[in-house]
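Undergrad: Got a predicted model here, sequence first, then my questions.
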Amino acid sequence: MGREREDPKQQQQQQQVPYTVEQLVALNRYNPDILPDLENHVNDQVSSQTYSLDANLCLLRLYQFEPEKTSSQIVARILVKALMAMPAPDFSLCLFLIPERVQMEEQFKTLIVLSHYLETGRFRQFWDEAAKNRHIVEAVPGFEQAIQNYAIHVLSLTYQKVPRTVLAEAINTEGLSLDKFLEHQVATSGWAIEKGSQGRGQLIVLPGNEFNDPILKKNTADSVPLEHITRIFPILS
Amino acid sequence: MATHDYDDARAVATGPGYDEQLGYDPNFVPDSVKSFVVHLYRHIREKNVYEIHQMYETSFHTLSDRLFKDTPWPSVDAVAHYVDNDHVFCLLYKEMWFRHLYAGLTPTLRQRIDSWDNYCSLFQVVLHGVVNMQLPNQWLWDMVDEFVYQFQSFCQYRAKMKNKTEQEIALLRQFDQAWSVYGVLNFLQALVEKSNIIQILENEKEGLEQFTATDGYDYNGGSNVLKVLGYFGMVGLLRVHCLLGDYHTGLKCLQPIDISQQGVYTLVIGSHITTIYHYGFANLMLRRYVEAIREFNKILLYIYKTKQYHQKSPQYEQILKKNEQMYALLAICLSLCPQSRLVDETVNSQLREKYGEKMIRMQRYDDEAFAIYDELFSYACPKFITPSAPSFEEPLVNYNQDAYRLQLKLFLYEAKQQQLLLGVRTYLKVYSTISLAKLASYMEVDEPTLRTILITYKHKTHAVDSDGKVISNADVDFFIDDDIVHVVESKHAKRYGDYFLRQVVKLEGVINELDAIKLD
């Protein structure tokens, strides 16, 4: 029962039209038969450095429905990918669907600790812990870069000018490579570097945004969305 | 909304088996029941929605109270010949029969399975488009609501394996498709898809079609059943996904319904409450506190103003219960995100009365505070389910609490990550600028730790919405320039735009009323 709806996979064979995973998830998201496709898709996301939260949640749901089919390796990859999606809450979204006894596995405990450090802004502890668990995080290309992006995101929310040492710790980059990184940011992203006063280290000036600069805060309070205005069109006409 | 309490207390209590009671003869049809089915059948055939609604909302409950307090209604076989053995009517009758049984008595496993079969037949008929009826929204909502409730109830029942008899286990094995999570989700999804409701709602925005404007009814001789079931199916999907802990997908299922406006979902109080309760809860779990607070505030105010009209309704008790639960959720949201300016005065005073003292203790972030978070969450959360089938191997274990414990644990984990934020906020509120060193000494931490706390504050108060956009939930915000914290207290301008819009509409109403008065 309930599985009688047309199966795109069968159609696929008949018509030779390949279905994308997005279509499979949209058309057939409550069908256990798409589980292998979704697992392959996780591996594709890892190798092609792409990401699809909906497909991954769909897979975790299928694991939740039939726990005996769960693949720990795939779950681990989904969780690493979810960490890389910070600041979005994807990691929690995944954990909500993973039974507690599965979460007890050592590699998941490690990932939960890593997530905790990121959620609470403790980048030094994060990078130390990540270094101890290279086998987990290095299985997914782009990991380091993604976390650095998250670090820069929260720093930009928080600071107008951030001490070089704080930045260095957050993105786990020092010395020459940090100089190179800064040079690049100055050239492409509107960063600036100031000499610190009284013999203190460099200050990095982060570009202004509505969260670190009250002047740029959009005054949304008195803008009325068009949909609301359209409601009185009949009266005005 | 189904009239029963969502707690499964009934399912555990083993009342006297009514089957053995001498009082119940499934084949005995009192005259009043005969008259009830005959009239209901006639009104349905004549598409007299008003009369159907009266009989459904009033007569059915009056008869239930008077004649069937401790026993089920007469069996469908006993009444079928009064209604020409009409197939669809008999399915509807059975749906009500089971609903009444679940509300007041304890269903046996066999009855749970039979009820599932009945829903299968009923939805198949609807999905194949051969139903040519016009049924009240209340009834159609109750169908979807009850369907999800019975699924949830079945999962809870099945998860208590310890006390199962051999006979029950044999039945569970034999009918392993009954109330399977795939079946339930696919039925709801099929109703949404076959009804084409998402397209209909889109077309309505373009002015090409009417749905909300006619309260979901079809005045052109068609049937409203599939369309409205599809519409409520989206709310059903939201609820099932919340029960599974999949808040993201749940909200996605609801997306076609614009909850910032009135709609068919607000016509039935049960559907209105269920929608907002789950919407708010999902947003709470996604850390979008402002969104949750806003919607809880609106519905709590609405319930406060209208509950007197529902006093005699069979849903009254359930309305009150969800009302209390949503106050508890609001207390949680406001403790994590103190934005009381978003809350109406009436709601706020109710909240202080109910949870004022607890909310003060929740600010302390000691063990006692977490005990209160635990208590409020446990009281107000949905009845989470484990959707997978049990292991039939010995030893049999109960796993009915597993899903709830996981969600609770993850929620408390989140609350703990935020435990230092209220402290920071208290200091930020009284300064316009403060040095990191000074703030660190007030907080009794070193400077690097303070920097991590401030980053956490920023991260936790800036949620990511469904489009990936960063939205601020902070009422007190700041930025750091080197080692000085600059505080930004957000000023909230009155929303004149909305105010004027509402006044324009109001004035138009008054003018129309004046126009309608004929002066002699």
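TA: Right, received. Where do you want to start? All of these numbers come straight from a predicted model, not from anything done at the bench.
Undergrad: Are stretch A:114-124 and chain B in contact anywhere?
TA: Yes - using Cβ under 8 Å from any Cβ of the partner chain, stretch A:114-124 reaches chain B at A:116, A:119-123. Any C-beta I mention is one placed from the backbone N, CA and C, and that applies to glycine too.
Undergrad: Which residue does the stretch 1-150 of chain B have closest to chain A?
TA: B:C120 (6.1 Å; Cβ to the nearest Cβ).
Undergrad: Near that residue, how many other residues are there?
TA: By other Cβ atoms under 10 Å in any protein chain shown, 17 other residues sit near B:C120.
Undergrad: tell me what the host helix or strand of B:L329 is packed against?
TA: Here B:L329 is covered by helix B:316-336, with elements defined by DSSP states H and E. For helix B:316-336, the packing partners by 3 or more Cβ pairs under 8 Å, 6 or more residues apart in numbering or on different chains; DSSP states H and E come out as helix B:269-285, helix B:289-306, helix B:345-362, helix B:367-380.
Undergrad: quick one on the thing from earlier: ok, now how distant is the residue of the stretch 1-150 of chain B closest to chain A from B:V510?
TA: Applying Cβ to Cβ, to the nearest Å, the value for B:C120 to B:V510 is 52 Å.
Undergrad: For the residue sitting nearest the centre point of chain A, list the residues it contacts.
TA: In chain A, the C-alpha nearest the mean C-alpha coordinate belongs to A:A85, at 0.3 Å (Cα atoms, centre = their mean). Taking Cβ atoms under 8 Å, 6 or more residues apart in numbering or on different chains as the criterion, A:A85 is in contact with A:51, A:53, A:91, A:146.
Undergrad: In the residues of stretch A:114-124 next to chain B, which residue is surrounded by the most others?
TA: Neighbour-wise, the residues of stretch A:114-124 next to chain B (other Cβ under 10 Å) top out at A:F123, 26 neighbours.
Undergrad: Tell me who's in contact with that residue.
TA: A:117, A:151, A:169-172, B:452.
Undergrad: do B:Q54 as well
TA: Counting by Cβ under 8 Å, 6+ apart, B:Q54 has no contacts.
Undergrad: Then B:D475?
TA: By Cβ under 8 Å, 6+ apart, the neighbours of B:D475 are B:338-339, B:341, B:489-490.
Undergrad: Go through the contacts of A:A85 and flag which are in helices.
TA: Among the contacts of A:A85, the members falling in helices (DSSP state H) are A:53, A:91, A:146.
Undergrad: Of these - the most surrounded one?
TA: Counting by other Cβ under 10 Å, top hit in those: A:F91 with 24 neighbours.
Undergrad: Can you get me a residue count around the nearest residue to it once chain neighbours are set aside?
TA: Leaving aside its chain neighbours, A:F91 sits nearest to A:A82 (4.3 Å; criterion: Cβ to Cβ, 6 or more residues apart in numbering or on different chains). Burial of A:A82 is recorded as 24 neighbouring residues (other Cβ under 10 Å).
Undergrad: just B:M143 next, same as before
TA: B:M143, neighbours per other Cβ under 10 Å, totals 23.
Undergrad: What distance do you get for it to B:G270?
TA: 12 Å.
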